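Trainee: Give me a model of this one.
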Amino acid sequence: MARSITSITSSPKVLTITSPAKKGSVLPSFTIPPGWTSSPLSPVYHEEWDGPDSEGQTIARCHGLQPGKPVMEDNEAWTTIFLSGNKFYIWDRMDDGMIEIVSQDICEIARTISESELRELATKPKEEGDKPKDPEVKCVNTAYSKAVSVDVSLMRMLANKFCSGDKNKKRSQDLTAKDVSSSAYKYYKFHFELDPGKNSKFDCNAVFKSITGKCQGYDSHSIQSQGGAKIDDCGASFSYKITVPDKPKPKPDTVTQHGLQPRKCHTKDQFGSHGDVRGGELSMPRLDVLGSPMTRPN
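Mentor: So this is what the prediction gives:
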């Protein structure tokens with residue numbers, strides 16, 4: 001893929017570069033400061049800016065910037081100065097930090113670095129409008145009737161617990177209510193996932209707060225079983241999943257008799273001790289079985 005930035009003249013210390021802000025325009029020639037280079041031996045310098053999904057372009061998007069093009073980097077390859085729009089920025093690879101350079105004159109920037117490295121280079125925080133986009137939140141369902149009975153406050157406590165871990169690498173974790181010192185929701189499982197993408201500046205707790213807020217059920221005591229969020233510009237993603245234990249099956253009320261039961265006979269006196277049975281009725285079952293004396297065969 002062709003790049004919109006092209007080296008026109010190159011000498012050991014002088015560079016003229018095409019500006020991506022105004023296609024066809026050319027930055028003035030400037031002297032490369034000591035300890036810096038515009039043409040590293042490694043091809044990574046240009047590859048990381050080549051294409052919309054390259055690392056440099058992704059980082060620029062994460063900070064709300066237009067497509068960027070590298071101007072120079074230090075010999076340790078930790079710091080890159082690049083051009084986005086009509087402004088110059090410093091990209092610190094140690095923490096993916098982004099700082100705007102006040103001056104828009106590349107000659108002045110290079111001269112200041114030559115005299116005092118980066119210490120005296122005037123910079124300023126990025127403007128509020130340059131913040132990354134808010135995460136796009138999605139829930140597995142929007143119907144209140146599909147929500148599970150779990151307190152949103154518990155979910156946020158569990159999310160905070162998850163976010164206290166490493167946020168600079170892709171990872172997942174299974175938690176239970178016990179992990180936040182709660183005795184509720186026995187046998188429930190809470191699964192969390194995080195992929196930082198190319199941006200390490202997000203607020204993990206804030207993202208999960210947005211997810212749990214949007215995925216809340218009818219009230220704060222219910223929430224959808226799954227939810228997640230993505231920061232499209234940065235490729236970062238976050239998600240949770242609640243596994244509800246199966247309800248125990250009720251025990252049957254009936255008693256099943258297996259086979260014939262042992263026969264037990266009672267005398268008249270034993271049976272007659274029951275006050276609710278009259279003595280004259282004691283012979284009736286016998287007559288029913290043996291038959292009436294008048295109907296018995298001779």
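Trainee: if I look at Lys189, how far off is Ala122?
Mentor: In this structure, Lys189 and Ala122 are 53 Å apart, going by Cβ to Cβ, to the nearest Å. (Glycine included, C-beta is placed from N, CA and C.)
Trainee: before we move on, what about Met72?
Mentor: Counting by Cβ to Cβ, the gap from Met72 to Ala122 is 18 Å.
Trainee: what about the two, which has more around it?
Mentor: Using other Cβ atoms under 10 Å as the criterion, Met72 and Ala122 rank with Met72 on top: 23 against 11.
Trainee: what's the burial count for the nearest residue to that one once chain neighbours are set aside?
Mentor: Closest residue to Met72 apart from its sequence neighbours, by Cβ to Cβ, 6 or more residues apart in numbering: Ser38 at 4.5 Å. Using other Cβ under 10 Å, the number of residues around Ser38 comes to 18.
Trainee: ranges for the strands of the stretch 101-250 of the chain?
Mentor: 123-124, 136-139, 171-175, 189-195, 226-231, 236-243 (DSSP state E, counting those that start in this stretch).
Trainee: could these go into TSV alongside distance to Ile81 and mean pLDDT?
Mentor: Formatted as TSV, the strands of the stretch 101-250 of the chain follow (distance: least, Cβ to Cβ, whole Å; pLDDT from 0 to 100):
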stretch	distance to Ile81	mean pLDDT
strand 123-124	11	78
strand 136-139	32	93
strand 171-175	33	96
strand 189-195	29	96
strand 226-231	25	92
strand 236-243	25	95
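Trainee: For Glu117, which of the ones you listed is the nearest?
Mentor: Nearest to Glu117, of all the strands of the stretch 101-250 of the chain, is strand 123-124, at 12.9 Å by Cβ to Cβ.
Trainee: which secondary structure elements does the closest one contact?
Mentor: strand 97-101 (3 or more Cβ pairs under 8 Å, 6 or more residues apart in numbering; DSSP states H and E).
Trainee: Relative to the strand it packs on, what are the paired strands and their orientations?
Mentor: strand 87-92 (antiparallel), strand 123-124 (antiparallel) (DSSP bridges).
Trainee: which of these is buried the deepest?
Mentor: Most buried of those by mean neighbour count (mean count of other Cβ atoms under 10 Å) is strand 87-92; its value is a mean of 19.
Trainee: roughly how far is that one from the heart of the chain?
Mentor: 29 Å (Cα atoms, centre = their mean, to the nearest Å).
Trainee: center of this protein, which residue is that?
Mentor: Using Cα atoms, centre = their mean, the residue of the chain that lies closest to the mean C-alpha position is Phe238, 1.6 Å off.
Trainee: who touches the closest residue to Leu121 other than its chain neighbours in this structure?
Mentor: Once flanking residues are discounted, Leu121 sits nearest to Thr112: 5.1 Å by Cβ to Cβ, 6+ apart. Contacts of Thr112 were listed using Cβ atoms under 8 Å, 6 or more residues apart in numbering, and they are 103, 120-122.
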